[in-house]
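# Sequence and computational prediction follow.
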Amino acid sequence: MWNSTEIYATRDDDSFPRAAFFIGRVNVKKVIVLFLLTSFLLETPLWAGGLGSDKTMYIGGTVASLKAGVEGKSSTADTKVFVFEYKGGRFVVPYDRVDSLEYGQKAGRRVGMAILVSPVLIFSKKRKHFLTLGYTDENDKQQAAVFELGKDIVRVTLASLEARTGRKIEYQDEEARKSGVGN
């Protein structure tokens, strides 16, 4: 006998004890609500990925004082220097020493989220935004720093760097140009 709000197995004849077939009483509506609530609560952190939308991460380059993977905040608010502040330090590049700016993207599928949350997410893409800053250090040696930018700070950072350095951004491809310029 089945009820729409309770799931349990039973037999009409008494040849088997009822407890042997008892699965348990489960309120289907509560299970569905709990599943949806859990999905929505887990979706935000999973959707966000690793880097926060307003954060910056040092990916690599020739900067000896920074370890790859260091996360912090970048700022172009100062009129003289680009600043990357991270836990335990601060990296500064004067705008007049910047000699190249390059922007690119890497798009990937959300396979992990599709498995955990919904197979529909396999059709969505997650984009990573990369800024390469070429500059000469205080010893007149060429240096480079590659940063991953959060999606909310890409356009502001690129526009500010172009204006403050007087250098044009070199885009790796047309998709990067569209994303960086906002077309």
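Structure's in. What do you need? Numbers count the residues shown, from 1 in each chain.

# which residues are in contact with stretch 59-78?
Applying C-beta atoms under 8 Å, 6 or more residues apart in numbering, the set of residues contacting stretch 59-78 from outside is 51, 54-58, 82-87, 89, 91, 130, 132, 143-149, 153, 156-157, 160-161, 164. C-beta here means a position set from N, CA and C on the backbone, and glycine is covered the same way.

# Which members of those occur in strands, if any?
Secondary structure assignment (DSSP state E) places 56-58, 82-86, 89, 91, 130, 132, 143-149 from those within strands.

# Mark which of the contacts of stretch 59-78 are buried, thanks.
Applying 16 or more other C-beta atoms under 10 Å to these, the neighbour count classes 51, 55-58, 82-84, 86, 91, 130, 132, 143, 145-149, 153, 157, 160-161, 164 as buried.

# Lys151: helix or strand, and which one exactly?
Element membership of Lys151 [criterion: DSSP states H and E] is none; it lies in no helix or strand.

# what about this protein, any weak spots by pLDDT?
Applying pLDDT under 70 to the predicted model, the residue ranges of the chain that meet it are 1-26, 31, 33-50, 108-125, 175-183.

# Identify the residue nearest Thr132 in space, chain neighbours excluded?
The spatially closest residue to Thr132, leaving aside those adjacent along the chain, is Glu102, at 4.1 Å (C-beta to C-beta, 6 or more residues apart in numbering).

# ok, the strand or helix carrying that neighbour: who's next to it in the sheet?
Assigned by DSSP H and E, Glu102 belongs to strand 98-109. With DSSP bridges as the test, strand 98-109 is paired with strand 125-136 (antiparallel), strand 169-171 (parallel).

# buried sites along it?
Applying a neighbour-count criterion of 16+ other C-beta under 10 Å, the buried positions in strand 98-109 are Val98, Leu101, Glu102, Tyr103, Gly104, Gln105.

# tilt between it and strand 142-149?
Strand 98-109 runs at 40 degrees relative to strand 142-149, counting by axes from the mean of the first three to the mean of the last three C-alpha atoms, to 10 degrees.

# relative orientation of strand 98-109 and strand 81-86 in degrees?
Direction vectors for strand 98-109 and strand 81-86, defined by the same axes, to 10 degrees, enclose an angle of 40 degrees.

# CA atoms only for strand 98-109 - export them in PDB, please.
Once side chains and other backbone atoms are set aside, the C-alpha atoms of strand 98-109 remain, and they are given as PDB (Å, rounded to 0.1, in the frame of the first residue of the first chain):
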ATOM      1  CA  VAL A  98      55.300  49.600 -17.100                       C
ATOM      2  CA  ASP A  99      56.300  48.900 -20.700                       C
ATOM      3  CA  SER A 100      53.700  46.200 -21.600                       C
ATOM      4  CA  LEU A 101      50.100  45.200 -20.700                       C
ATOM      5  CA  GLU A 102      48.500  42.100 -22.000                       C
ATOM      6  CA  TYR A 103      45.000  40.700 -21.300                       C
ATOM      7  CA  GLY A 104      43.700  37.200 -22.000                       C
ATOM      8  CA  GLN A 105      41.100  34.700 -20.900                       C
ATOM      9  CA  LYS A 106      40.800  31.000 -20.400                       C
ATOM     10  CA  ALA A 107      37.400  29.500 -20.700                       C
ATOM     11  CA  GLY A 108      36.600  26.100 -19.300                       C
ATOM     12  CA  ARG A 109      33.500  24.000 -18.700                       C
END
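
# I am finished for the moment; much appreciated.
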